[in-house]
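J.: The following block contains a protein sequence and its predicted model.
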Amino acid sequence: MKQAPYTAPSFSLQDDQAVTHSLGDYAGKWIVLYFYPKDDTPGCTVEACSLRDARDEIAALGAEIIGISQDDISAHEAFKAKHTLNFTLLSDPDRRVIEAYGAWGKKMFGKEGILRRTFIINPEGTVVKVYGRVTPLGHGEQIITDLKALQAK
């Protein structure tokens, strides 16, 4: 896993409405980019709901939340509706972006898969904070604290 700061890898992926989002679309904004294993699973739901609940304060800090998994756009649509998620979810079925960010690797028991990782990207497109092992519960509050500290620099 790379150590921050470094230039954020670009991406261009579809959301749950088949709208394409690219890193360049967010130029000049802070981004909270998080990778998660699977829609509507226990840990991923806790993490998404923590970010949902913190979204207004994160948005007030000028940041957008974007989640990425391998799930297809219809799974994202259902996940967002079921849990009233108020941020963008992108589909990366071929893992290009997941791998570019270092969010693919060995998990428990030697299996490979998506690693739960979050990246804070500043308005210049630089990764300034990497969470290598995310604890889903309370992740939104952790992001708020760290965003405030990063913006105060």
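T.: Arrived safely, thanks for sending.
J.: Sheet partners, orientation included, of the helix or strand where residue 119 lies?
T.: Per DSSP states H and E: residue 119 is located in strand 117-121. Taking DSSP bridges as the criterion, strand 117-121 pairs within the sheet with strand 30-35 (antiparallel), strand 126-131 (antiparallel).
J.: Any chance you could list what contacts that strand?
T.: By Cβ atoms under 8 Å, 6 or more residues apart in numbering, the residues outside strand 117-121 that reach it are 1, 8, 23, 26, 30-35, 63, 101-103, 127-132, 134, 139, 143, 146-147, 150. To be clear about C-beta, it is placed using only N, CA and C from the backbone, and glycine gets the same treatment.
J.: Just the buried residues from the residues you listed, in ChimeraX please.
T.: To isolate the buried subset of those in ChimeraX, counting by 16 or more other Cβ atoms under 10 Å, use the following:
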select :8,23,26,30,31,32,33,34,35,63,101,102,103,127,128,129,130,131,134,139,143,146,147,150
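J.: helices or strands next to the helix or strand where residue 144 lies in the packing?
T.: Counting by DSSP H and E, the element that carries residue 144 is helix 139-152. Applying 3 or more Cβ pairs under 8 Å, 6 or more residues apart in numbering; DSSP states H and E, one finds that helix 139-152 makes contact with strand 30-35, helix 42-60, strand 117-121, strand 126-131.
J.: now the following helix or strand past the second one and strand 30-35, what's the angle there?
T.: Tracing the chain C-terminally past helix 42-60 and defining elements by DSSP H and E, one meets strand 63-69 next. Between the axis of strand 63-69 and that of strand 30-35 there is an angle of 20 degrees, by axes from the mean of the first three to the mean of the last three Cα atoms, to 10 degrees.
J.: list the contacts for the spatially most central residue of the chain?
T.: The chain has residue 34 as the residue nearest its centroid, 1.7 Å off, counting by Cα atoms, centre = their mean. Contacts here follow Cβ under 8 Å, 6+ apart; on that basis residue 34 touches 47, 51, 65-68, 116-119, 134, 139.
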